[in-house]
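A.B. asks: Provided below for reference: sequence and predicted model.
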Amino acid sequence: MSRDVINRRVRELKPSGIRRFFELIIGREDVISLGVGEPDFSVPWRIREEMIYSLEKGITSYTSNYGLLELREAIAEYYRKFGVESTHDNVFITTGVSEGIDLALRAVINPGDRVLVPEPTYVSYRPLAHIAGAEVIPIPTDPEFKITYDDLVRFRNEKIKAVMLNYPNNPTGVSLRKREIEEIADAVNELDCLVISDEIYAELSYNFRHFSIAALDGMFERTIVLNGFSKGFAMTGMRVGYVIAPEEILDAMVKIHQYSMLCAPVTAQIGALEALKNGEEELERMRSEYMRRRNFFVRRLRELFDVVMPDGAFYAFPNVSSTGLNGEEFAEKLLIEKNVAVVPGDAFGECGGNYVRCAYAVSMEKLKIAVERMEELVNSS
Amino acid sequence: MSHEIEILRLLENNGRLSISEISEMLNIEREEVERIIKKFEEDGTILKYKAIVDWEKAGVEEVYAIIDVRVNLTREKGYDDIAKRIAKFPEVHAVRLVSGDYDFQVVVRGKSLKDISFFIAEKISTIPEVRDTVTHFLLRTYKEEGVLLFEDDEDRRLAIVP
């Protein structure tokens, strides 16, 4: 075979920095991992029970490419709480937000189109945009981790195709208030580009209610909202997400989805519907637990490092450079000497190099031990 | 949720949380937490702190029975009077007025089936207002006070997830 067997764009992708770290952990005992970007809760029982019942009834076939109509209607109704008015015609169900990101990029990107990616941010945007043929322009947002009007309008004459937004943000937990989002929307209008807004942590907002950029006047037409059930409803392994978008873009995305995925798993869709119908109480229970952990954890971390107060998600992103180490060195030392795993911040963009991501999706008991071990490490050096 | 209610919920779930832990979790002053807890302890909202014990695991033989009690009400004796009379026996673990086919659900704790049977025959059934009783001996408890008494939900997550 010739050496060109692998697609050029795929070959150009850097291997994930997390991989090496993952291998360091394997075989170690008594590790407390703050490296897990998913809830420590299982899917709430009533949702699991509904999925089990659907299997007992034999509901196991494909659904429409768009997903179950009842679920799409429920999502359109549900998203009003984040300010967005839409109907089921603007909604379709994906296999997790991850598929939604891929579809959104492939549906709109032509080779060479420019995509702005504020960083640090979730690990998949840059690779997926690259594979879709885009030229990715990362924008560092440290140390506040908020993209601003000025950050964006600098690209006024650069023919930008889309901006990726992820608030509340993984890995920093930072989110934007309505007036900050309005400024971003002004910049987007000046750039005359699209917004791909990954709002997977919307339900996990602690300081203010999440507000979707698609809710602003004139923004619905240029925004692809991506969300799902993994984080708020603790349904990660079910793989069920959704897209809310103007019909033209939505139909283009469904065109790819119908060939590549066909439909999201029906069992997961049924669970998602139950989550929207009857999941509010469980959601509230989990949300307040995360919020208590955040308050506890960030207060203790701040005695050791500079940490921006996270508004949402379940991450804190301390700057560890005061220890004389960068994020990767610190993470490795913390793992080897104290058996606590965190993720080096550069996995989420170059500007995260001096940071580590700590997920507080672990029980309060474990979180206490983890933070004590971090204190020991910092105070001993 | 107000801080007062949240503190009650936290303590209901874990009575050993310290004041500083609660203050860190809720991001409010220690003094405020202390004041709220003291108020609830004094006004009887917090009745007491106790442990939930899996006695079976501790190897202690204990027998529980749930007794359905039907009563005859009279002008002189209402539900409250009868309930208080039953509740004062130390063997009685819980007394609840319930809707349905019977009036009170009484939970009794004893050392043996015989022990409990005699207690019911001698102390409960003999109360003049008690019409009849049905005794259910407890065989196994799966959940107590919101706590599962079996292993569940082991963490199957990968150690690192982006």
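C.D. replies: Yes, it's here.

A.B. asks: Can you list the residue ranges for strands in the stretch 1-150 of chain A?
C.D. replies: With DSSP state E, counting those that start in this stretch, the ranges of strands along the stretch 1-150 of chain A come out as A:32-33, A:91-94, A:114-119, A:135-140.

A.B. asks: now check the shortest one, is it near chain B?
C.D. replies: In other words, strand A:32-33. Yes: applying C-beta under 8 Å from any C-beta of the partner chain, one finds that strand A:32-33 is in contact with chain B at residue A:33. (Each C-beta comes from the backbone N, C-alpha and C, glycine too.)

A.B. asks: Pipe the strands of the stretch 1-150 of chain A into CSV and attach mean pLDDT and distance to residue A:238 per row.
C.D. replies: Shown next, in CSV, are the strands of the stretch 1-150 of chain A (pLDDT from 0 to 100; distance: least, C-beta to C-beta, whole Å):
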stretch, mean pLDDT, distance to residue A:238
strand A:32-33, 96, 22
strand A:91-94, 98, 12
strand A:114-119, 98, 27
strand A:135-140, 98, 30
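
A.B. asks: and of those, who's closest to residue A:322?
C.D. replies: strand A:135-140 (19.8 Å; C-beta to C-beta).

A.B. asks: Okay, angle between the closest one and strand A:114-119 too, please.
C.D. replies: 30 degrees (axes from the mean of the first three to the mean of the last three C-alpha atoms, to 10 degrees).

A.B. asks: hmm, back to that, can you list the strands of the stretch 1-150 of chain A in a markdown table and add mean neighbour count?
C.D. replies: Below are the strands of the stretch 1-150 of chain A laid out as a markdown table (neighbours: other C-beta atoms under 10 Å in any protein chain shown):
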| stretch | mean neighbour count |
| --- | --- |
| strand A:32-33 | 22 |
| strand A:91-94 | 27 |
| strand A:114-119 | 24 |
| strand A:135-140 | 16 |
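
A.B. asks: Redo those as JSON lines? Include distance to residue A:201.
C.D. replies: Below are those laid out as JSON lines (distance: least, C-beta to C-beta, whole Å):
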{"stretch": "strand A:32-33", "distance to residue A:201": "19"}
{"stretch": "strand A:91-94", "distance to residue A:201": "17"}
{"stretch": "strand A:114-119", "distance to residue A:201": "15"}
{"stretch": "strand A:135-140", "distance to residue A:201": "20"}
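
A.B. asks: which SSE is residue A:218 in?
C.D. replies: Residue A:218 belongs to no helix or strand when assigned by DSSP states H and E.

A.B. asks: Residue B:68 now?
C.D. replies: strand B:63-71.

A.B. asks: can you check residue A:377 too?
C.D. replies: Using DSSP H and E, residue A:377 sits in helix A:364-380.

A.B. asks: Could you do residue A:285 as well?
C.D. replies: Per DSSP H and E: helix A:280-302 holds residue A:285.

A.B. asks: how about the strands of chain B, start to end?
C.D. replies: B:63-71, B:92-97, B:104-110, B:130-137, B:143-144, B:147-148 (DSSP state E).

A.B. asks: ok and the first one relative to strand B:104-110, angle-wise?
C.D. replies: With the same axes, to 10 degrees applied, the angle from strand B:63-71 to strand B:104-110 works out at 150 degrees.

A.B. asks: What is strand B:63-71 packed up against?
C.D. replies: Counting contacts by 3 or more C-beta pairs under 8 Å, 6 or more residues apart in numbering or on different chains; DSSP states H and E, strand B:63-71 packs against helix B:79-87, strand B:104-110, helix B:113-119, strand B:130-137.

A.B. asks: most tightly surrounded among the ones you listed?
C.D. replies: strand B:104-110 (a mean of 20; mean count of other C-beta atoms under 10 Å in any protein chain shown).

A.B. asks: now residue B:11, nearest residue through space, not along the chain?
C.D. replies: residue B:17 (6.4 Å; C-beta to C-beta, 6 or more residues apart in numbering or on different chains).

A.B. asks: Near that neighbour, how many other residues are there?
C.D. replies: The number of residues packed near residue B:17 is 16, by other C-beta atoms under 10 Å in any protein chain shown.

A.B. asks: wait, it sits on residue B:8?
C.D. replies: No: taking contacts as C-beta atoms under 8 Å, residue B:17 lies outside contact range of residue B:8: 11.5 Å.

A.B. asks: Now mean pLDDT and distance to residue A:173 too, for the strands of chain B, in TSV please.
C.D. replies: TSV is the format used below for those (pLDDT from 0 to 100; distance: least, C-beta to C-beta, whole Å):
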stretch	mean pLDDT	distance to residue A:173
strand B:63-71	96	47
strand B:92-97	97	44
strand B:104-110	97	46
strand B:130-137	96	51
strand B:143-144	90	34
strand B:147-148	88	31
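
A.B. asks: Save those as JSON lines, and put in distance to residue B:85 too.
C.D. replies: Shown next, in JSON lines, are those (distance: least, C-beta to C-beta, whole Å):
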{"stretch": "strand B:63-71", "distance to residue B:85": "10"}
{"stretch": "strand B:92-97", "distance to residue B:85": "10"}
{"stretch": "strand B:104-110", "distance to residue B:85": "11"}
{"stretch": "strand B:130-137", "distance to residue B:85": "10"}
{"stretch": "strand B:143-144", "distance to residue B:85": "27"}
{"stretch": "strand B:147-148", "distance to residue B:85": "31"}
